[in-house]
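In: fold the following for me, if possible:
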Amino acid sequence: MSTAPATPAASAAPAASATGVTAVVVRLKLSLLRNGLRQSGGRRAAYVASAVIALLVAALQLLGLIALRGHAHADALVVLLVAVLGLGWAVMPLFFPGGDETLDPTRLVMLPLRPRPLVRALLAASLVGIGPVFTVVLLAGSVIAVAHGAAAYAVAVVAVALALLLCVALARAVAAANIRLLTSRRGRDLAVLSGLVIAVGAQVVNFGAQRLGAAGLGQLDPVADVLRWVPPAAAVGAVDAVSGGAYGTAVAQLALCGAALAALIVVWARSLERLMTAPDGSTVQAAEPGGRGRDGARGWERLLPAGRTGTVMGRTLRYIWRDPKTKAAWVTSLAIGLIVPVFNAVQGTGSVYFACFAAGMLGMQMYNQFGQDTSAFWMVAMTISGPRDAFVELRGRALALLVVTLPYTTLVTVVTTALIGSWGRLPEVLGLSFALLGAMLGTGAWSSARFPYSIPQEGHKNVVPGQVGLAWMSIFGGMVAAALLCAPVIALAIWLHIGPGADAYGWLLLPTGLLYGTAIALLGLHLSAPRTSSHLPEILTAVSKG
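Out: Residues are numbered from 1 along each chain as shown. The predicted model follows:
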């Protein structure tokens, strides 16, 4: 059988088709961005503000990097900077899965697209946006800081392009490999941790900047010697190598970046092919015998008390683990409660009494207990027939909070004391923390019954319009009341310090604070129970507005 020779038009068809797909996807992203900005003035203002801030920061960084030209350790700084930039692109999809919804490959499943043209199209479309522009400016400043000579500038053009493509391809490969997770409830829970990562990262950067300011940039040289062989930092390392005349090293570093880019594209293409051809088994695992079911969830519930107290504790702990708004509040409190005392202690500017900050942050979770139930509070209200039932309900919620707050407060106090080295103050700081925690549990229960407000399920706001005043009275009024209720324990601590037996009797604050905190918490629960049982309809109305 004879085969007709391929005509030039037929051989050019695949290339034209691939180019057409790329152009269509790029125009599609631009159209989606433009139409999204037309939805509301607030969204346009937020986008413009974020773009202006990003470009301003990028411009300042560009000027700073250019000013580093000629510095003895400029190469170490820019290599480390580009490595951190690549790490940011890698983890961004995990913590911000909705950051680029226009490039979600699951929306293209029903289209007759092959992986390779789709990868090229998505890679080109990924270069459109504020992030790539910010990255290009930062990479340009990095290569300018280390480039010396015409050959170095010529290599710098290739290095910037390679580094940019590496960052974008790394982000898209990570997103495609984890898209099923990122679009599920667990993915949204993972995004909640972004606040913790940003808070800890900011403190680490602050601490590192202070150390570098005191010791100089020379401390970065050992780390930079390793990272200059890790893409995308290797691209900037190649520019520095050409500036120093090490052309063989530069070729090896550029080749390493090219190989890494090719490997990422292959992994990305395979993830897309699997994503667009395999069935979604996100619900299959839960139905299988090995999946997580009710029997697996009952393990920790067996440790809870019997009766209504254990039921309330279990429900509250599940809220903490599953409800996005509640989890976000807890993650923020846990992070800040640890960051403030520990980082101040590491920097040498803290005090052992800063450990009480953890008790204060965690005690705030007792405020507005009924708001997290929203309209489902009617089911709780149906089970409360009097002050006794209301007391048991509030007590169960307080005990659930203590399951987390009590050991965490103790841990933060011990770690802070160890970093400062003031072990003699550990008992009194623990006593003060326990007293503050008990006072906040008591005032939190009272505020929950007196000033309930609704928490909207959608959006980023934690208070519905019209109830902001209630939220302020509930939280800040309760915090002030809790601080005033702790005055006797604080006065005892001061008296012991100015008295002759400060070191000998300081340990008395631990049992005193524990007993006092317990008494204040129980008193607050008893005072809140009658109000709760007699105002159930009003509470239900207040928490159902979201």
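
In: and Pro500, what's its pLDDT?
Out: The model reports Pro500 with a pLDDT of 61.

In: list the buried ones in the helix with the most length in the chain?
Out: Longest helix in the chain by number of residues (criterion: DSSP state H): helix 387-420. Within helix 387-420, the residues scored as buried using 16 or more other C-beta atoms under 10 Å are 387, 389-406, 408-410, 412-413, 415-417, 419-420. Where you see a C-beta, it was placed from the backbone N, CA and C, and this is true even at glycine.

In: who are the packing partners of it?
Out: Helix 387-420 sits against helix 308-322, helix 324-346, helix 356-363, helix 426-450, helix 509-534, with contacts defined as 3 or more C-beta pairs under 8 Å, 6 or more residues apart in numbering; DSSP states H and E.

In: among these, which is nearest Ala177?
Out: Minimum separation from Ala177 across those (C-beta to C-beta) falls at helix 324-346, 23.5 Å.

In: can you flag the weakest of the helices and strands packed on helix 387-420 by average pLDDT?
Out: Among those, helix 324-346 scores lowest, at a mean of 82.

In: quick one, it and helix 426-450 angle?
Out: Helix 324-346 and helix 426-450 are oriented at 150 degrees to each other (axes from the mean of the first three to the mean of the last three C-alpha atoms, to 10 degrees).

In: how far out from the middle of the chain is helix 324-346?
Out: 11 Å (C-alpha atoms, centre = their mean, to the nearest Å).

In: now do it against helix 387-420, angle only.
Out: Using the same axes, to 10 degrees, helix 324-346 lies at 30 degrees relative to helix 387-420.

In: helix 324-346: which residues count as buried?
Out: 325-345.

In: hmm, back to that, give me the mean pLDDT for the longest helix of the chain.
Out: 92.

In: how far away is Met236 from Val346?
Out: Not quite, residue 236 is Val, not Met. 30 Å (C-beta to C-beta, to the nearest Å).

In: go on, Leu170?
Out: In terms of C-beta to C-beta, Leu170 sits 31 Å off from Val346.

In: before we move on, what about Gly20?
Out: For Gly20 relative to Val346 (C-beta to C-beta), the value is 56 Å.

In: mind listing what Leu85 touches?
Out: Neighbouring residues of Leu85 by C-beta atoms under 8 Å, 6 or more residues apart in numbering: Thr135, Leu138, Leu139, Cys167, Pro232.

In: need the pLDDT of it.
Out: Taking Leu85 on its own, its pLDDT is 90.

In: repeat that for Ala262.
Out: So Ala262 comes in at 93 (pLDDT).

In: figure out the helix or strand that it lives in.
Out: Per DSSP states H and E, Ala262 falls inside helix 247-277.

In: flag every buried residue along that helix.
Out: 249-250, 252-254, 256-258, 260-261, 264-265, 267-269, 271-273, 275-276.

In: packing partners of that helix?
Out: helix 115-126, helix 150-177, helix 233-243.

In: from those helices, which stretch is densest packed?
Out: helix 233-243 (a mean of 29; mean count of other C-beta atoms under 10 Å).

In: quick one: Val174 from Val168, how far?
Out: Taken as C-beta to C-beta, the span from Val174 to Val168 is 11 Å.

In: pLDDT weak spots in the chain?
Out: 1-19, 40, 42-43, 94-109, 179-218, 278-299, 457-462, 465-466, 499-504, 546 (pLDDT under 70).

In: and it, what are its domains?
Out: 16-279, 307-543 (automatic domain parsing).

In: next, format the ones you listed as JSON lines and append distance to Glu301.
Out: Output for the domains of the chain, formatted as JSON lines (distance: least, C-beta to C-beta, whole Å):
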{"stretch": "domain 16-279", "distance to Glu301": "20"}
{"stretch": "domain 307-543", "distance to Glu301": "5"}
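
In: centre of the chain to whichever strand or helix holds Ala491, how far?
Out: Using DSSP H and E, Ala491 sits in helix 487-498. Computed by C-alpha atoms, centre = their mean, the chain-centroid distance of helix 487-498 equals 39 Å.

In: also stretch 521-529?
Out: The answer for stretch 521-529 is 35 Å, by C-alpha atoms, centre = their mean.

In: check which residues of it are buried.
Out: So for stretch 521-529, counting by 16+ other C-beta under 10 Å, buried means Ala521, Leu522, Leu523, Gly524, Leu525, Leu527, Ser528, Ala529.

In: does the third one touch Leu441 like I think?
Out: This points to Leu523. No - if you go by C-beta atoms under 8 Å, Leu523 and Leu441 don't touch, sitting 10.4 Å apart.

In: sorry, back to before: touching the helix holding Ala491 from outside, list them.
Out: So helix 487-498 is contacted by Glu428, Gly431, Leu432, Ala435, Ala502, Tyr505, Gly506, Leu508, Leu509, Thr512, Gly513, Tyr516 (C-beta under 8 Å, 6+ apart).

In: how near is the residue lying closest to the last one once chain neighbours are set aside to Leu514?
Out: Of all residues not flanking Tyr516 in the chain, Ala435 sits nearest, at 5.0 Å (C-beta to C-beta, 6 or more residues apart in numbering). Ala435 sits 8 Å away from Leu514, taking C-beta to C-beta as the criterion.

In: have a look at the two and say which one is more surrounded.
Out: Ala435 (32 against 17; other C-beta atoms under 10 Å).

In: gap between the closest residue to Val119 other than its chain neighbours and Met276?
Out: Using C-beta to C-beta, 6+ apart and skipping residues adjacent in sequence, the residue nearest Val119 is Ala269, 5.0 Å away. Applying C-beta to C-beta, the value for Ala269 to Met276 is 11 Å.

In: I'd guessed Trp507 sits against Pro427; true?
Out: Yes - between Trp507 and Pro427 there is a contact under C-beta under 8 Å: 4.2 Å.

In: between those two, which is the more surrounded one?
Out: Pro427 (19 against 16).

In: coming back round to it: let me have the helices and strands packed on helix 247-277 in CSV, extended by distance to Leu496.
Out: Formatted as CSV, those follow (distance: least, C-beta to C-beta, whole Å):
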stretch, distance to Leu496
helix 115-126, 62
helix 150-177, 55
helix 233-243, 55
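
In: indicate which one of the ones you listed is closest to Gly371.
Out: Nearest to Gly371, of the helices and strands packed on helix 247-277 and by C-beta to C-beta, is helix 150-177 at 34.2 Å.
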